[in-house]
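Undergrad: predicted model and sequence follow; I will ask about them next.
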Number of protein chains: 4
Amino acid sequence: MTSSEIAFRVRYNEVDRMGYAHHGNYAAYFEMGRTELMREHGLNYKEMEDKGILLPLSDFKVKYFQPAFYDDELRLVTILEKFTGVRLVFCYRLYNKKNLLLSEGSTSLAFVSASTGKPVRPSEEILEKLRICMA
Amino acid sequence: MTSSEIAFRVRYNEVDRMGYAHHGNYAAYFEMGRTELMREHGLNYKEMEDKGILLPLSDFKVKYFQPAFYDDELRLVTILEKFTGVRLVFCYRLYNKKNLLLSEGSTSLAFVSASTGKPVRPSEEILEKLRICMA
Amino acid sequence: MTSSEIAFRVRYNEVDRMGYAHHGNYAAYFEMGRTELMREHGLNYKEMEDKGILLPLSDFKVKYFQPAFYDDELRLVTILEKFTGVRLVFCYRLYNKKNLLLSEGSTSLAFVSASTGKPVRPSEEILEKLRICMA
Amino acid sequence: MTSSEIAFRVRYNEVDRMGYAHHGNYAAYFEMGRTELMREHGLNYKEMEDKGILLPLSDFKVKYFQPAFYDDELRLVTILEKFTGVRLVFCYRLYNKKNLLLSEGSTSLAFVSASTGKPVRPSEEILEKLRICMA
């Protein structure tokens, strides 16, 4: 299974008064992860959305094992775990610089038409690229 | 089981280019929900944290059934579902003005000492108030 | 000059590791302020945007005198200070519960057409309502 | 005058329903800019804060000339413009990939003691490094 890695620092505004990267920011981290995984396989999420194919979430899960702190250099590994019809499941693992697994998560997304708001089968070109992500 | 309700509008900055309240904001919505549930039962989360008792998340789950849109008036129902030793599980249901269930979620939190970073049993006073939340 | 007041609490996720409401959140606070000022004068910003009239910022200024803290109950006073052709200037004053002035700000916005991305003169109906905001 | 450059992409969650990077996110962008400028001159903002020297904002200004869009690769140039006693003024210029100046901003910050909440003169070591930023 193809995985994609991104690295980034925890921003000051993302950190709460406990000194932890606030748990709500993981949504943005995972979003960057799957965007880059798709880009690496020739799928530009922005272009897809501009063509009227949206990819909203139906399910979001995170397990937080250890907090991430301000200015920490994090490494996020993303895989496309499942892909059935109009639904995609991405899984994520977030590590710190010492390679400690900080958290694990998953997101389910479904292709939706911007014009109708209903689930929609994406083009064969998109499907083919997603199959390669899974290979 | 005691439930708490809050109402709020989706803010402009919370809405993404699909026109949906971005899924990452639900973390902040749920946080408001459990804070008010606790406040209604005499537990001030800020004071607790100021006394060195933190309540970080270990688990976060959301199912998104329908999107929330900009300026929507939402209603969030929060319950304390479980409470065992140092761990709390809150559950959330988010409704729009038409009483449509938009999403459901849960968060697991654990009492942690600010000084040691380790799980800690909260005071009997806090425990008693949590028992009342559960009643 | 008509002013509008809103009250809200500082959310947990908005607070940084200094314990202050992070300065970047004031953009969202001010946005709520002007949205409610307009709503009170019959101008629904969402409807305006849905009809293709956008109101992006050209200028944003804040002076921070005192920090706001987690869970603080804040009061935001908004006025429409200037209104010339396609440009609006809103001013904001943020107070805490003790009526201490925490910060002051202003935003300049211009009516822009969603389809062309260019400045656009809004309808006479919108202009009339804005004149009433200024009265 | 020493300048520092960072490059980053506009994240999905940062973009509003106009399709613009929401203006409130520029606070986070500028924060990254000055953090990296300081780091390049041997000043680790996190360590400073951990030692009890805070650097909150007293003033924030942005002029938005052109919007930034989702997934845009931006380039932020940061300089330390002024440095007098306990006060620092950073200036920022944000460019897109085509080298178009999208916005300009400035932030004033003051050294504050975490324990007293009052302005404080930083150590000679910090001052010396800031003088080099200005050189």
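TA: That came through fine.

Undergrad: and chain A, which of its residues are near chain D?
TA: For chain A, the residues in contact with chain D under the definition Cβ under 8 Å from any Cβ of the partner chain are A:9, A:11-14, A:27-28, A:31-32, A:35, A:44-46, A:49, A:70-71. C-betas here are computed from N, CA, C, even on glycine.

Undergrad: so of those, which ones are in helices?
TA: Filtering the residues of chain A next to chain D for membership in helices, criterion DSSP state H, returns A:27, A:28, A:31, A:32, A:35, A:45, A:46, A:49.

Undergrad: who's in contact with the second one?
TA: Residues in contact with residue A:28 (Cβ atoms under 8 Å, 6 or more residues apart in numbering or on different chains) are B:24, D:11, D:12, D:13, D:14.

Undergrad: which residues touch the second one?
TA: In this case it means residue D:11. Residues in contact with residue D:11, defined by Cβ under 8 Å, 6+ apart, are A:28, A:31, A:32.

Undergrad: tell me the one of those nearest chain B?
TA: Comparing the contacts of residue D:11 against chain B with Cβ to the nearest Cβ places residue A:28 closest, at 5.7 Å.

Undergrad: can you tell me the helix or strand for residue A:80?
TA: Residue A:80 belongs to strand A:73-84 when elements are defined using DSSP states H and E.

Undergrad: right, and the secondary structure at the residue of chain A positioned farthest from its centre would be what?
TA: Among residues of chain A, the one most distant from the C-alpha centroid is residue A:17; the distance is 26.0 Å, by Cα atoms, centre = their mean. Secondary structure, DSSP: H, G, I helix; E, B strand; the rest coil: residue A:17 is coil.

Undergrad: list the contacts of it.
TA: Contacts here follow Cβ under 8 Å, 6+ apart; on that basis residue A:17 touches B:49, C:12, C:15, C:16, C:17, C:19, C:70.

Undergrad: for these, which one is nearest residue A:62?
TA: Among the contacts of residue A:17, residue C:12 lies closest to residue A:62 (Cβ to Cβ), at 16.8 Å.

Undergrad: for the closest one, grab the count of nearby residues.
TA: Residues near residue C:12, counting by other Cβ atoms under 10 Å in any protein chain shown, number 22.

Undergrad: separation between the residue nearest to it when sequence neighbours are not counted and residue C:70?
TA: Counting by Cβ to Cβ, 6 or more residues apart in numbering or on different chains, the nearest residue to residue C:12 once its immediate chain neighbours are dropped is residue B:31, at 5.0 Å. Look at residue B:31 and residue C:70: by Cβ to Cβ, to the nearest Å, they are 11 Å apart.

Undergrad: for the lowest-mean-pLDDT helix or strand in chain A, which positions count as buried?
TA: Using mean pLDDT, DSSP states H and E, helix A:124-134 stands out as the lowest-scoring helix or strand of chain A, at a mean of 89. If you call a residue buried by 16 or more other Cβ atoms under 10 Å in any protein chain shown, then helix A:124-134 has these buried ones: A:126, A:130, A:133.

Undergrad: that one vs strand A:73-84, what angle?
TA: Computed with axes from the mean of the first three to the mean of the last three Cα atoms, to 10 degrees, the direction of helix A:124-134 lies at 120 degrees from that of strand A:73-84.

Undergrad: off-centre distance for helix A:124-134?
TA: Mean C-alpha position of helix A:124-134 versus that of the full chain (Cα atoms, centre = their mean, to the nearest Å) differs by 16 Å.

Undergrad: contacts for it, please.
TA: For helix A:124-134, the external contacting residues (Cβ under 8 Å, 6+ apart) are A:1-2, A:37-38, A:41-43, A:48, A:53, A:80, A:83, A:88, A:121-122.

Undergrad: save the residues you listed as a markdown table, and put in secondary structure and pLDDT too.
TA: Listed next are those as a markdown table, based on DSSP: H, G, I helix; E, B strand; the rest coil; pLDDT from 0 to 100:
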| residue | secondary structure | pLDDT |
| --- | --- | --- |
| A:1 | coil | 69 |
| A:2 | coil | 83 |
| A:37 | helix | 96 |
| A:38 | helix | 96 |
| A:41 | coil | 93 |
| A:42 | coil | 94 |
| A:43 | coil | 94 |
| A:48 | helix | 94 |
| A:53 | strand | 94 |
| A:80 | strand | 96 |
| A:83 | strand | 91 |
| A:88 | strand | 95 |
| A:121 | coil | 92 |
| A:122 | coil | 90 |
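
Undergrad: which among those gets closest to residue B:104?
TA: residue A:88 (20.7 Å).

Undergrad: spatially nearest residue to the closest one (excluding sequence neighbours)?
TA: Going by Cβ to Cβ, 6+ apart, residue A:88 has residue A:109 as its nearest residue, at 4.9 Å.

Undergrad: ok, which residues in chain A are in contact with chain C?
TA: Within chain A, the positions lying close to chain C (Cβ under 8 Å from any Cβ) are A:12, A:13, A:15, A:16, A:17, A:19, A:22, A:24, A:70.

Undergrad: now the nearest residue to residue A:18 once chain neighbours are set aside: how far from residue B:118?
TA: Once flanking residues are discounted, residue A:18 sits nearest to residue B:54: 5.3 Å by Cβ to Cβ, 6+ apart. Separation of residue B:54 from residue B:118 (Cβ to Cβ) stands at 11 Å.

Undergrad: what sits against residue A:112?
TA: A:53, A:54, A:55, A:56, A:118, A:119, A:120.

Undergrad: distance of the fifth one from residue A:43?
TA: So that's residue A:118. Residue A:118 sits at a distance of 21 Å from residue A:43 (criterion: Cβ to Cβ).

Undergrad: with neighbour numbers in mind, choose between these two.
TA: In this comparison of residue A:118 against residue A:43, neighbours counted by other Cβ under 10 Å, the higher total goes to residue A:43 at 20 against 10.

Undergrad: show me what contacts the more buried one?
TA: A:126, A:129, A:130, A:133.

Undergrad: can you check residue A:81 too?
TA: Contacts of residue A:81 (Cβ under 8 Å, 6+ apart): A:1, A:89, A:90, A:91, A:106.

Undergrad: if we use 6 Å, what do you get?
TA: When contacts are counted by Cβ atoms under 6 Å, 6 or more residues apart in numbering or on different chains, residue A:81 touches A:89, A:91.

Undergrad: same thing with residue A:74?
TA: When contacts are taken as Cβ under 6 Å, 6+ apart, residue A:74 is in contact with A:68, A:94.

Undergrad: who does it form a beta bridge with?
TA: The residues paired with residue A:74 through beta bridges, assigned by DSSP bridges, are residue A:8.

Undergrad: how about the one 4 residues further on?
TA: When assigned by DSSP bridges, residue A:78 has beta-bridge partners residue A:4, residue A:92.

Undergrad: quick check: the gap between it and residue A:132.
TA: 15 Å.

Undergrad: repeat for residue A:23
TA: Distance of residue A:23 to residue A:132, computed by Cβ to Cβ: 32 Å.
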